[in-house]
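1. Fold the following and give me the result.
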Amino acid sequence: MNPAIENLTSYLQQLEQIEEFDSLEAKAEHIGKINLIKNAIGQLHLCEMYGINSGSLVSVLPETENPNFCYLVVHENESSNPADWEEVRFDGRQVSLAGGDLIIRK
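-> Okay, here's the model as predicted:
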């Protein structure tokens with residue numbers, strides 16, 4: 001397992017054992033910290049699963065003025081003619097992307 005995930009998991013276990021707090025605010029802050037650590041562990045698992053690292057290229061699709069506009073993923077079939085392009089399907093389904101969605105290149 002990734003050492004960062006191991007360390008965060010160990011830290012999370014320590015945090016989850018704490019049951020007494022000086023105030024309601026301290027308890028709320030503690031719960032917030034636990035949620036942040038859980039989120040970080042989930043993000044690291046996701047990055048590990050898909051090979052995303054600090055050298056990966058992350059781009060944001062441009063926003064459009066028309067809310068009905070979407071982006072599709074196509075296979076160009078070595079042609080610059082859109083009539084020759086084929087839509088890429090994921091698990092047999094069309095996936096449309098919108099402005100603000102992320103594109104990640106490993």
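
2. pretty sure residue 61 contacts residue 99?
-> Yes - counting by C-beta atoms under 8 Å, residue 61 touches residue 99, with 5.4 Å between them. From N, CA and C alone the C-beta is placed, and that goes for glycine too.

3. Assign the residue lying farthest from the centre of the chain to helix, strand or coil.
-> Within the chain, residue 22 marks the point farthest from the mean C-alpha position, 35.3 Å out by C-alpha atoms, centre = their mean. Here residue 22 is recorded as coil under DSSP: H, G, I helix; E, B strand; the rest coil.

4. What of the one 10 residues further on?
-> Secondary structure of residue 32, reduced to three states by three-state DSSP: helix.

5. Equivalent analysis for residue 62, please.
-> coil.

6. these two touch, right, it and residue 98?
-> No - if you go by C-beta under 8 Å, residue 62 and residue 98 don't touch, sitting 10.3 Å apart.

7. For this structure, give me the ranges with low pLDDT.
-> Scanning the chain for pLDDT under 70 picks out no residues.

8. of residue 62 and residue 98, who's got more company?
-> residue 98 (12 against 8; other C-beta atoms under 10 Å).

9. What is the neighbour count of residue 38?
-> For residue 38, using other C-beta under 10 Å, the count is 15.

10. Contact partners for it?
-> Shown in contact with residue 38 (C-beta atoms under 8 Å, 6 or more residues apart in numbering): residue 12.
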